[in-house]
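# Just to be clear, the model below is a prediction. Sequence and coordinates:
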Amino acid sequence: MSLALIPLLISLGFLLRTAMVLTGLLKGPILETFEKYGDIENVYYPLPSILLWGGILVLSVTSLIADRASIFLPTMPIGLLLVIASYAAYTNPQIARQYPRIFMSYPRWYFELRERTSRYERRRLAYMWLWLPRRLRLIYNASDHAFNQWADLVILATMRYEDNPDHWRDIPVNANGLF
């Protein structure tokens, strides 16, 4: 068994994980970005990981084929270029903020959630996600409709507890002037 097979399998696994996140079948990694506090809100930016694991995949396939078939393949520079491009994309995350329609439109539930919720509500969703049982997370990962219903319920349950009243959503007032 060749040593190049290990990075090949690892890179395939992480590329599959990234594909699952981008298709909306895995919501945890995106919800983890909502947990962070700070001045600038983190965005889910998959380009560095796609480039890194794609570069490692190209490098490992090149070394595996060169080892098995004893031929020279000129794809090694392409793999190195992908790894270098992943570093450049990782050090410049503001690219995702400059072009949100390109980098933040997939998965669709993520785009819709960013459009209709505040940062505070997304943070509450992220922390409530941690409390869900594993089987329920699997159900919400598989169904965007069920996830959106759950997200709406969490937003409704937490919208009155924001610290700053200026950020509260409009609350209907009854005839007596009470909430």
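Happy to help now that I have it.
# Spatially nearest residue to the most centrally placed residue in the chain (excluding sequence neighbours)?
Nearest residue to the geometric centre of the chain (CA atoms, centre = their mean): Ile30, 3.3 Å. Residue nearest to Ile30 in three dimensions, not counting chain neighbours: Tyr44, with 4.6 Å by CB to CB, 6 or more residues apart in numbering. Every residue, glycine included, has its C-beta placed from N, CA and C.
# any idea how far the lowest-mean-pLDDT helix or strand in the chain is from the chain center?
Lowest on mean pLDDT, DSSP states H and E among the helices and strands of the chain sits helix 100-103, with a mean of 71. For helix 100-103, the separation from the chain centroid amounts to 13 Å (computed by CA atoms, centre = their mean, to the nearest Å).
# Quick check: next helix or strand after it?
Next in sequence after helix 100-103, counting helices and strands by DSSP states H and E, comes helix 108-116.
# Could I get the full set of helices for the protein?
In the chain, the segments counted as helices under DSSP state H are 5-23, 28-33, 47-69, 76-91, 94-98, 100-103, 108-116, 119-131, 134-142, 144-158.
# Need these in a markdown table (columns: distance to Asp39).
Formatted as a markdown table, the helices of the chain follow (distance: least, CB to CB, whole Å):
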| stretch | distance to Asp39 |
| --- | --- |
| helix 5-23 | 25 |
| helix 28-33 | 15 |
| helix 47-69 | 21 |
| helix 76-91 | 19 |
| helix 94-98 | 13 |
| helix 100-103 | 18 |
| helix 108-116 | 18 |
| helix 119-131 | 11 |
| helix 134-142 | 30 |
| helix 144-158 | 22 |
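# which of the ones you listed has the lowest average pLDDT?
Note on those: helix 100-103 shows the lowest mean pLDDT, a mean of 71.
# Go ahead and name everything in contact with it.
The contact list for helix 100-103, computed with CB atoms under 8 Å, 6 or more residues apart in numbering, reads 43, 45, 47, 95-96.
# Could you list the alpha-carbon positions for that helix in PDB?
Listed next in PDB are the C-alpha coordinates belonging to helix 100-103 (Å, rounded to 0.1, in the frame of the first residue of the first chain):
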ATOM      1  CA  PRO A 100     -21.700  38.000  -1.400                       C
ATOM      2  CA  ARG A 101     -23.800  36.900  -4.400                       C
ATOM      3  CA  ILE A 102     -21.000  34.700  -5.500                       C
ATOM      4  CA  PHE A 103     -19.600  33.300  -2.300                       C
END
